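Q: After the sequence you'll find the predicted model.
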Amino acid sequence: MGLKLLANKNILIMGVANNRSIAWGIAQSLAEQDARLIFTYENERVKSRVEKLVESIPGAVLLPCDVQNETEIDQLAAYLSEHMGVLHGYVHSIAYARPEDLEGNYVDTSREGFGLAQEISAYSLVAVARRVYPLMTEGGSIMTMTYIGAERAIQNYNVMGVAKATLEASVRYLANDLGMHGIRVNAISAGPIRTLAAYGIKDFNGMLKKIEETTPLRKTVDTAEVGDTAAFLMSDWSRGITGEVIHVDAGYHITGM
């Protein structure tokens with residue numbers, strides 16, 4: 001049997017919180033294609049959950065990194081440089097907004113809540129990419145996770161939709177900046193999935209039921225479907241694609257209702 005798609009590729013994954021995380025679904029798909037994975041965790045509370053998952057993947061590494069802490073991002077990049085040498089991929093699956101900003105009216109978003117959502121959900125991609133792209137000396141792939149709330153006004157998504165719109169614009173600008181280095185930057189816009197983060201959205205179950213009835217495929221997607229698309233984007237099979245937002249949502253984005 002020949003080499004798998006991601007054999008000998010070093011890939012950084014940020015955003016695994018538990019076994020239902022989209023980032024964990026991505027990690028499983030990448031591991032199946034023989035990628036060497038480096039995970040990060042935000043704090044000690046998250047570490048205890050993520051550590052058990054990471055131990056199930058042979059050779060995987062787990063490192064601390066709070067994306068609001070510039071020193072920790074620098075330390076992550078230094079570790080990667082010293083121990084991995086070359087980085088081939090970076091998966092960004094990080095987002096946060098205050099719960100009170102995910103209900104009611106967007107117009108009531110506080111200055112602090114707006115800034116926090118932007119910093120963690122959008123700027124973190126830029127902050128980490130700036131440190132890791134110099135390690136992609138053989139070219140590479142960067143990808144992030146977004147949602148249709150960046151394109152349309154989705155009830156109770158509010159400030160997160162605006163942060164995801166910033167994230168998608170960042171994908172295009174980063175793709176333009178880094179293309180000269182052979183680095184591609186893309187996003188996956190996933191349909192709603194039952195993750196820990198999703199349950200922070202008011203009436204999420206009602207939203208999911210409506211979408212299941214509306215999508216062309218008459219279903220929602222799961223983390224494995226998103227993960228397999230991520231594996232494609234991390235691989236050389238997608239070498240001509242950059243600056244794109246790829247919808248993995250059972251076709252929901254093409255519908256009018």
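A: Arrived safely, thanks for sending.
Q: Buried residues, stretch 44-56. List them.
A: By neighbour count on 16 or more other CB atoms under 10 Å, the buried set for stretch 44-56 is 46, 50, 53, 54. Where you see a C-beta, it was placed from the backbone N, CA and C, and this is true even at glycine.
Q: May I see the residues you listed arranged in CSV, with pLDDT, secondary structure and distance to residue 82 as well?
A: As requested, these are exported to CSV (pLDDT from 0 to 100; DSSP: H, G, I helix; E, B strand; the rest coil; distance: CB to CB, whole Å):
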residue, pLDDT, secondary structure, distance to residue 82
46, 92, helix, 24
50, 95, helix, 22
53, 96, helix, 25
54, 97, helix, 20
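Q: For the stretch 51-200 of the chain, which segments are assigned as helices?
A: 70-83, 111-118, 124-132, 158-178 (DSSP state H, counting those that start in this stretch).
Q: I'd like those laid out as JSON lines, including mean neighbour count.
A: JSON lines is the format used below for these (neighbours: other CB atoms under 10 Å):
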{"stretch": "helix 70-83", "mean neighbour count": "15"}
{"stretch": "helix 111-118", "mean neighbour count": "16"}
{"stretch": "helix 124-132", "mean neighbour count": "19"}
{"stretch": "helix 158-178", "mean neighbour count": "20"}
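Q: of those helices, which approaches residue 63 most closely?
A: helix 70-83 (5.8 Å; CB to CB).
Q: Leaving aside the residues adjacent along the chain, what's closest to residue 182?
A: Spatially, and ignoring its direct neighbours in sequence, residue 182 is nearest to residue 139 (3.1 Å; CB to CB, 6 or more residues apart in numbering).
Q: So what's the predicted local confidence for residue 198?
A: Looking at residue 198, its pLDDT is 53.
Q: Over to residue 207?
A: Looking at residue 207, its pLDDT stands at 71.
Q: Following element in sequence after the helix or strand containing it, please.
A: Take DSSP states H and E as the rule and residue 207 turns out to sit in helix 204-214. Toward the C-terminus, helix 204-214 is succeeded by helix 223-234 as the next helix or strand (DSSP H and E).
Q: what does that next one contact?
A: Contact with helix 223-234 is made by 5-6, 9, 11, 20-22, 24-30, 32-33, 35, 88-89, 91, 141, 143, 145, 184, 186, 188, 190, 193, 195, 238, 241, 246, 248, as judged by CB atoms under 8 Å, 6 or more residues apart in numbering.
Q: what mean pLDDT does stretch 108-115 have?
A: What stretch 108-115 shows for mean pLDDT is 97.
Q: For that stretch, list the C-alpha coordinates in CSV.
A: Listed next in CSV are the C-alpha coordinates belonging to stretch 108-115 (Å, rounded to 0.1, in the frame of the first residue of the first chain):
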residue,chain,number,x,y,z
ASP,A,108,-27.3,45.5,22.2
THR,A,109,-23.7,44.0,22.0
SER,A,110,-21.3,45.7,24.4
ARG,A,111,-18.0,47.2,23.3
GLU,A,112,-16.2,44.6,25.4
GLY,A,113,-18.3,41.7,24.1
PHE,A,114,-17.7,42.8,20.5
GLY,A,115,-13.9,43.1,21.0
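Q: where's it relative to the chain centroid, distance-wise?
A: The chain centroid and the centroid of stretch 108-115 are separated by 23 Å under CA atoms, centre = their mean, to the nearest Å.
Q: do the same with stretch 34-47
A: 13 Å.
Q: Pull out the buried residues from it.
A: Neighbour counts over stretch 34-47 (16+ other CB under 10 Å) mark 35, 36, 37, 38, 39, 40, 41, 42, 46 as buried.
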